[in-house]
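Enquirer: what would the 3D arrangement of this be:
(4 chains, ligands or ions: 4)
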Number of protein chains: 2
Amino acid sequence: MHSFTEENYLKTIYYLANRQQSEVSTNALAEMTSTKAASVTDMLRKLADKQLIHYKKYQGVRLTDEGERLALQVIRRHRLWEVFLVEKLGFGWEAVHEIAEELEHIRSEELVTRLDTYLGNPQFDPHGDPIPTPTGQMPETGYQKLSDVSIGEGVCLMGVLEHSTEFLQHLDHSNLTLGCTVTVREINAFDKSVLVQIASGRTVFVSYEVAKNLLVN
Amino acid sequence: MHSFTEENYLKTIYYLANRQQSEVSTNALAEMTSTKAASVTDMLRKLADKQLIHYKKYQGVRLTDEGERLALQVIRRHRLWEVFLVEKLGFGWEAVHEIAEELEHIRSEELVTRLDTYLGNPQFDPHGDPIPTPTGQMPETGYQKLSDVSIGEGVCLMGVLEHSTEFLQHLDHSNLTLGCTVTVREINAFDKSVLVQIASGRTVFVSYEVAKNLLVN
DNA sequence: ATAAAAATTTAGACTAGTCTAAATTTTTAG
DNA sequence: CTAAAAATTTAGACTAGTCTAAATTTTTAT
Ligand SMILES: [Mn+2]
Ligand SMILES: [Mn+2]
Ligand SMILES: [Mn+2]
Ligand SMILES: [Mn+2]
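Expert: Numbers count the residues shown, from 1 in each chain, chains lettered A, B, ... in the order given. Ligands and ions are numbered 1, 2, ... in the order given. Next comes the predicted model:
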């Protein structure tokens, strides 16, 4: 069996590897897990001993197939629980991440299977992130950023790149909800902010900083 | 904040104190928590330092008010999650205890409150055990054992004293379900086994060993 | 190409929780 | 009441995970 801590390291390695498309560094992991580099090095040796990562001293780290499988299991549990918290318990999407960080470590195949069924086999979590399959595949999403959409195009809001409470609440206040269709009306040449029209007909101002973090298709 | 381990000790002290109606001994705790007496002694010192128990060396241990409050919170979470697992996810009542042992440590007031509401503020868990109130009161149940009921009496099956998978599955196979009404038809003078009539009209043989562990009212 | 800077690893230490073996206290039985 | 038995605590050690400070390796910039 694997500890909470090991599961968190695997998950973090998965995220960083995918974000940077390369070996993950000790420092990056230290920052992400709020620990010190020395602690990370210790853990990397343990994970390497268990064949969950490929690790050569000073050269960064990469998940093995087994390591990736475990990481995806944890991410699957995290996202399923987030769906539960929002859809069934009525939490706001900005409040669920922290709780899911704990729930994701409850290890029972049966529990995950039943939860998945109970939720209607959701494909995406409340933030639009795809839920890995039971067999450990991460579904591809062909999303682009709202900041890359041209004038006149109508797109559907599908997800967010930024998960902070502040950002998510800002979207709530702007009436930008996942699933809603928006049409780009103006793009400001100077600050790259965009003006989008939402279903109600109203137009909403979206700063470049926000548009960069909004996924659409 | 308190660790999983501390929460488990508090919960165990609560159970044993209520079962024995007296100070809880180091050995009893060691057996219950599957550790050794020496480990228990160490933990008792820590809990006493945190004012969660009253502890005098060699004299056994008792929860403080704060310790009892925490113990009841853990038990409340445990039982609410068991209700969720059975009522919402469709687990059998013999399968939920282990999973609830993990879920009970997820600490979020908001989560417990919402879960309670979502479940319809249940008063009892799937085994008939009362769910402590949000303010930390353990509801009284005036149940008696089926083995103490006299011939001719009609009673309702309300709970179990034994929680093992084997016992619960035995009840399933005997068609003895919580909530169902049974009438005692015969009591065997020699082995104290009882013959009860269930709603369908059929009679079911109940050994003394089983009757002792069945709560009714 | 080499020296300074940055990143990483090693060394040594600490905490929580556990263990075994030994010492101590309490209980029980004659 | 006292000696043996039982229960409990203490002593010393181990693992997982973390830390700081020092040593080492890699990268960067002259
Ligand atoms: Mn999340
Ligand atoms: Mn999410
Ligand atoms: Mn239980
Ligand atoms: Mn129960």
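
Enquirer: switch to C-alpha atoms for all contacts and neighbour counts from now on
Expert: OK.

Enquirer: got the residues of chain A near DNA strand D?
Expert: With C-alpha under 7 Å from any atom of the strand as the criterion, chain A comes near DNA strand D at residues A:3-6, A:34-40, A:42-43, A:58-59.

Enquirer: point out the residues in chain A that sit beside chain B.
Expert: Applying C-alpha under 8 Å from any C-alpha of the partner chain, one finds that chain A approaches chain B through A:Lys88, A:Leu89, A:Gly90, A:Ile99, A:Glu102, A:Leu103, A:Ile106, A:Ser108, A:Arg114, A:Leu115, A:Tyr118.

Enquirer: which one of these is nearest B:Glu209?
Expert: Among the residues of chain A next to chain B, A:Ser108 lies closest to B:Glu209 (C-alpha to C-alpha), at 32.0 Å.

Enquirer: so that closest one sits against B:Ala100, correct?
Expert: No. With contact defined as C-alpha atoms under 8 Å, A:Ser108 does not count as touching B:Ala100 (10.9 Å).

Enquirer: the more surrounded of those two?
Expert: Relative neighbour count places B:Ala100 above the other of A:Ser108 and B:Ala100, with 21 against 10, counting by other C-alpha atoms under 10 Å in any protein chain shown.

Enquirer: just the residues of chain A next to DNA strand D: which are in helices?
Expert: If you go by DSSP state H, the residues of chain A next to DNA strand D have A:Phe4, A:Thr5, A:Glu6, A:Ala37, A:Ala38, A:Ser39, A:Val40, A:Asp42, A:Met43 in helices.

Enquirer: any idea which of these has the most stuff around it?
Expert: Using other C-alpha under 10 Å as the neighbour test, these are led by A:Val40, with 20 neighbours.

Enquirer: show me what contacts that one?
Expert: Applying C-alpha atoms under 8 Å, 6 or more residues apart in numbering or on different chains to A:Val40 gives the contacts A:Thr26, A:Leu29, A:Ala30.

Enquirer: can I get the residues you listed in CSV with pLDDT?
Expert: CSV is the format used below for the contacts of A:Val40 (pLDDT from 0 to 100):
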residue, pLDDT
A:Thr26, 98
A:Leu29, 98
A:Ala30, 98
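
Enquirer: which strand residues bridge A:Thr181?
Expert: Counting by DSSP bridges, A:Thr181 forms beta bridges with A:Cys156.

Enquirer: test my guess that it contacts A:Ile198.
Expert: Yes. Counting by C-alpha under 8 Å, A:Ile198 is a contact partner of A:Thr181 at 6.3 Å.

Enquirer: okay, helices next: where are they in chain A?
Expert: Ranges of helices in chain A, per DSSP H, are A:4-20, A:26-32, A:37-49, A:65-83, A:96-103, A:109-118, A:165-173, A:208-211.

Enquirer: give the buried residues for the fifth one.
Expert: Residues A:Val96, A:His97, A:Ile99, A:Ala100, A:Glu101, A:Glu102, A:Leu103 are the ones in helix A:96-103 that count as buried (16 or more other C-alpha atoms under 10 Å in any protein chain shown).

Enquirer: and if you look at the fourth one?
Expert: Neighbour-count burial for helix A:65-83, counted by 16+ other C-alpha under 10 Å, picks out A:67-83.

Enquirer: again, but for the second one
Expert: Going by neighbour count (16+ other C-alpha under 10 Å), the buried part of helix A:26-32 is A:Thr26, A:Asn27, A:Ala28, A:Leu29, A:Ala30.

Enquirer: pull the residues that contact it.
Expert: Helix A:26-32 is contacted from outside by A:Tyr9, A:Thr12, A:Ile13, A:Leu16, A:Lys36, A:Ala37, A:Ser39, A:Val40, A:Thr41, A:Gly60, A:Val61, using C-alpha under 8 Å, 6+ apart.

Enquirer: now the fourth one. Nearest residue, chain neighbours left out?
Expert: Read it as A:Leu16. In this structure, A:Leu16 finds its nearest non-sequential neighbour in A:Val24, 6.3 Å apart by C-alpha to C-alpha, 6 or more residues apart in numbering or on different chains.

Enquirer: contacting residues for the one you found?
Expert: A:Ile13, A:Leu16, A:Ala17, A:Gly60, A:Val61, A:Arg62.

Enquirer: quick check: bridge partners of it?
Expert: Beta-bridge partners for A:Val24, by DSSP bridges, are A:Val61.

Enquirer: and it, how close does it get to A:Gln51?
Expert: From A:Val24 over to A:Gln51 the distance is 16 Å, taken as C-alpha to C-alpha, to the nearest Å.
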